[in-house]
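Student: mind folding the following:
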Amino acid sequence: MDGSKREQRLDYVLVPLGLAVIVGYHLWLLLRILRHPVTTVIGISAINRRIWVRHIMEDPSGKHAVLAVQTMRNAIMASSVLASVAITLSSLVAALMASGAAHGLLSGTASAHTNSGIVLGAAGEEALSIKFLAILVCFLVAFLLNVQSIRYYSHTGILVNVPLRAHRLRRPGLAVDYVTSTLNRGSYFWSLGVRAFYFSCPVFLWLFGPIPMFAACVAMVCSLYFLDINKEWDREEEGDRIIDDDGHQEDATKIAASAV
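Tutor: Numbers count the residues shown, from 1 in each chain. Predicted coordinates for the structure are as follows:
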C-alpha cells in the first residue's frame with residue numbers, strides 16, 4: 001500500500017510540474033511575440049512572409065505566380081504528411097487501447113520488479129488508460145491543426161495570385177494585409193501541429209514513469225528556447241525600414257506586430 005501511494009505521489013507531483021514548465025514557457029513566448037516580435041523566429045518569419053506576399057502580388061507580369069503555387073504546394077504537402085502521420089498514430093494508439101495488450105505488458109513489467117514501480121509510477125489499468133488517452137489526444141490535436149493549416153494554405157494559393165492592380169476599389173495594402181494574415185494563420189496552425197508532436201514525446205515517456213516525463217519536459221523547453229529565440233534582428237539598422245503604399249516608412253517591428 002505504501003509503495004502504491006508513493007508511486008501515485010510521484011505522478012501527482014512531477015507530471016503537473018512538467019506540464020507547468022511547458023505551459024509557462026509558451027505563455028512567456030506568446031508575450032515575447034506580442035511585445036518584441038523581432039526577437040522571435042515567429043515574428044521574423046511574419047516579416048518575411050509579408051514581404052514575400054507583397055513581392056508576389058506587386059508583379060504585374062505574373063511571372064512569380066508559378067513560384068507562389070510551388071511554394072504553397074510544398075507547404076500543403078508538409079502539412080499533409082504530418083496530418084497523415086498523426087491520424088495513423090492515433091489509430092495505432094486507439095487499437096492498443098482497445099486490445100489491452102499494452103496494458104498487460106506495462107502492468108506485468110511493474111509487478112515483476114519491486115522497485116520498478118518507483119520509475120513507472122502508477123501502473124494500474126485506470127492510470128494506463130489515462131496515459132494512452134493523453135497520447136491519443138496529442139495526435140488528434142496535431143491532426144486537426146495540420147488540417148486547418150492545409151485549409152489556410154489552400155486559400156492563400158488563390159489569393160496570392162490576384163494582382164494588386166485588380167483591387168481598384170480598395171487600397172492595395174488591405175489586400176496584402178488580408179493575404180498575409182491568411183498565410184500567417186496557416187503557418188501558425190502548422191507550427192502548433194508540430195508542437196503537438198513535440199508534446200507527445202514527454203507524454204509517451206510518461207508510460208515509463210513521471211521521472212522520464214518531467215526530464216523530457218525540461219529538455220524540450222531548453223531545446224525550444226534555442227529554436228524560438230533570435231536576437232540578431234533586435235538591433236535596428238538602416239535597412240530595417242520598409243516603404244509602404246503611400247510612400248511612408250514602416251518600421252519592421254510594427255510590421256511584425258501587425259502581422260502576428
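
Student: immediately after the helix or strand hosting Ala175, which helix or strand?
Tutor: Per DSSP states H and E: Ala175 is located in helix 172-205. Per DSSP H and E, the first helix or strand lying C-terminal to helix 172-205 is helix 210-228.

Student: who touches that following helix?
Tutor: Outside of helix 210-228, the residues that reach it under the criterion Cβ atoms under 8 Å, 6 or more residues apart in numbering are 10-11, 13-15, 17-19, 21-22, 25, 29, 40-42, 119, 121, 198-199, 201-203, 205-206. Backbone N, C-alpha and C define where each C-beta goes, glycine included.

Student: which of those fall in strands?
Tutor: Among those, no member falls in strands (DSSP state E).

Student: can you say which of the residues you listed are buried?
Tutor: 10-11, 14-15, 18-19, 21-22, 25, 29, 40, 42, 119, 121, 198-199, 201-203, 205-206 (16 or more other Cβ atoms under 10 Å).

Student: ok so, going back, any idea of the mean pLDDT in the helix holding Ala175?
Tutor: For helix 172-205, mean pLDDT is 91.

Student: my guess is Ile42 contacts Arg195, does it?
Tutor: No - contact between Ile42 and Arg195 fails when scored by Cβ atoms under 8 Å: they sit 11.4 Å apart.

Student: which residue sits closest to the spatially most central residue of the chain, ignoring its sequence neighbours?
Tutor: Among the residues of the chain, Leu192 comes closest to the average C-alpha position under Cα atoms, centre = their mean, at 2.1 Å. Leaving aside its sequence neighbours, Leu192 sits nearest to Leu145 (Cβ to Cβ, 6 or more residues apart in numbering; 4.8 Å).

Student: and the one you found, what element?
Tutor: Taking DSSP H and E as the definition, one finds Leu145 inside helix 125-159.

Student: can you check Leu67 too?
Tutor: Taking DSSP H and E as the criterion, Leu67 maps to helix 65-99.

Student: so what's the gap between that helix and the chain middle?
Tutor: 14 Å (Cα atoms, centre = their mean, to the nearest Å).

Student: if you count neighbours, what's buried in it?
Tutor: 68, 71-72, 75-76, 78-79, 82-83, 86-87, 89-90, 93, 96-97.

Student: cool, and stretch 27-36?
Tutor: By neighbour count with 16+ other Cβ under 10 Å, stretch 27-36 contains the buried residues Leu29, Arg32, Ile33, His36.

Student: also stretch 129-142?
Tutor: Those buried within stretch 129-142 under the rule 16+ other Cβ under 10 Å are Lys131, Phe132, Ala134, Ile135, Leu136, Val137, Cys138, Phe139, Leu140, Val141, Ala142.

Student: got CSV for the residues you listed, with pLDDT and distance to Phe214 too?
Tutor: Below are those laid out as CSV (pLDDT from 0 to 100; distance: Cβ to Cβ, whole Å):
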residue, pLDDT, distance to Phe214
Lys131, 87, 14
Phe132, 87, 19
Ala134, 91, 14
Ile135, 92, 17
Leu136, 93, 21
Val137, 94, 19
Cys138, 94, 17
Phe139, 95, 21
Leu140, 95, 24
Val141, 96, 21
Ala142, 96, 22
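
Student: about what we covered before: where's the dip in pLDDT among the buried residues of helix 65-99?
Tutor: The lowest pLDDT within the buried residues of helix 65-99 belongs to Met97, with 79.

Student: now that one, nearest residue through space, not along the chain?
Tutor: Leaving out its chain neighbours, the residue that sits closest to Met97 by Cβ to Cβ, 6+ apart is Phe132, at 4.9 Å.
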